[in-house]
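**Student:** kindly generate the corresponding structure for this input.
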Amino acid sequence: MPMHPDVEKILIDEKTLDEITTRLAGEIDRDYANAEGRVVLVCILKGSIMFMSDLMKKVTVPVEIDCMKVSSYGAGTASSGMVHIYLDLLRADIAECNLLIIEDIVDSGNTLNYLVKYLKGKGAKSVKTCTLLDKPSRRTAPFVPDYIGCEIPDEFVIGYGLDYDEKYRALPYVGVLKRSVYEQ
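**Tutor:** Prediction:
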């Protein structure tokens with residue numbers, strides 16, 4: 001696929017995304033091979049859909065899937081710092097569940113820091129996190145993901161599920177959005 005005209009550069013191509021999901025699936029398989037209880041991949045909507053879809057095809061341990069819709073972003077490109085849950089995880093069997101939160105990107109860390117505490121408070125057997133992209137230079141919360149696809153620089157990225165104003169999610173790569181698109 002040719003590069004979209006709003007993309008400054010491709011940061012992570014399709015081949016590299018495939019290699020990342022393969023590596024992460026192997027790490028998850030290793031760590032959950034002897035897990036007691038259910039293993040549930042929790043997709044954080046909407047940005048993590050493509051990542052979770054590719055990842056769960058490669059995980060070989062038995063897993064279930066569920067979804068949450070959570071955000072700390074309002075309009076624009078900066079986190080508001082307030083975490084809002086729009087679709088909660090409602091499971092009667094949560095005490096039997098090893099939850100693995102699947103996230104597209106960790107920026108400030110506020111959302112996942114909050115979610116891990118929140119889901120542990122609901123009684124989950126265990127709660128871990130897996131992110132495709134990590135931007136530790138933007139971290140404001142004391143949070144480190146359990147599984148990291150790759151670390152990226154402080155640039156505004158789109159594609160492979162990530163968006164700007166609900167656009168660009170379907171791009172098969174992760175690209176840097178041109179500043180002229182969002183600084184108008």
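
**Student:** quick one: low-confidence parts of this protein?
**Tutor:** 73-81 (pLDDT under 70).

**Student:** so where does A170 fall, helix or strand?
**Tutor:** If you go by DSSP states H and E, A170 is not part of any helix or strand.

**Student:** got the contact list for stretch 156-174?
**Tutor:** If you take Cβ atoms under 8 Å, 6 or more residues apart in numbering as the criterion, stretch 156-174 is touched by 1, 4, 6-7, 10-14, 17, 46-51, 77, 104-105, 132-133, 152, 175-177, 179, 181-182. Any C-beta I mention is one placed from the backbone N, CA and C, and that applies to glycine too.

**Student:** for the buried ones among those, write the corresponding ChimeraX selection.
**Tutor:** The ChimeraX selection below is limited to those of the contacts of stretch 156-174 classed as buried (16 or more other Cβ atoms under 10 Å):
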select :4,6,7,10,11,12,17,46,47,48,49,50,51,104,105,132,133,152,175,176,177,181
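
**Student:** ok, then the element right after the strand or helix carrying S53?
**Tutor:** S53 is part of helix 49-58 when elements are defined by DSSP H and E. Downstream of helix 49-58, the first helix or strand assigned by DSSP H and E is strand 64-73.

**Student:** what sits against Y147?
**Tutor:** Per Cβ under 8 Å, 6+ apart, neighbours of Y147: 24, 27-28, 100, 128-131.

**Student:** closest to V61 out of those?
**Tutor:** V61 lies nearest to I28 out of the contacts of Y147, by Cβ to Cβ, at 7.1 Å.

**Student:** can you map out the helices along the protein?
**Tutor:** For the chain, applying DSSP state H gives helices covering 14-32, 49-58, 110-121, 179-182.

**Student:** possible to save the ones you listed as a markdown table with distance to D93?
**Tutor:** Supplementary listing: these in a markdown table, determined by distance: least, Cβ to Cβ, whole Å:
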| stretch | distance to D93 |
| --- | --- |
| helix 14-32 | 17 |
| helix 49-58 | 19 |
| helix 110-121 | 13 |
| helix 179-182 | 42 |
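
**Student:** quick one, which of those helices gets closest to R91.
**Tutor:** helix 110-121 (10.1 Å).

**Student:** in the closest one, what counts as buried?
**Tutor:** In helix 110-121, the ones that count as buried by 16+ other Cβ under 10 Å are 110-116, 118-119.
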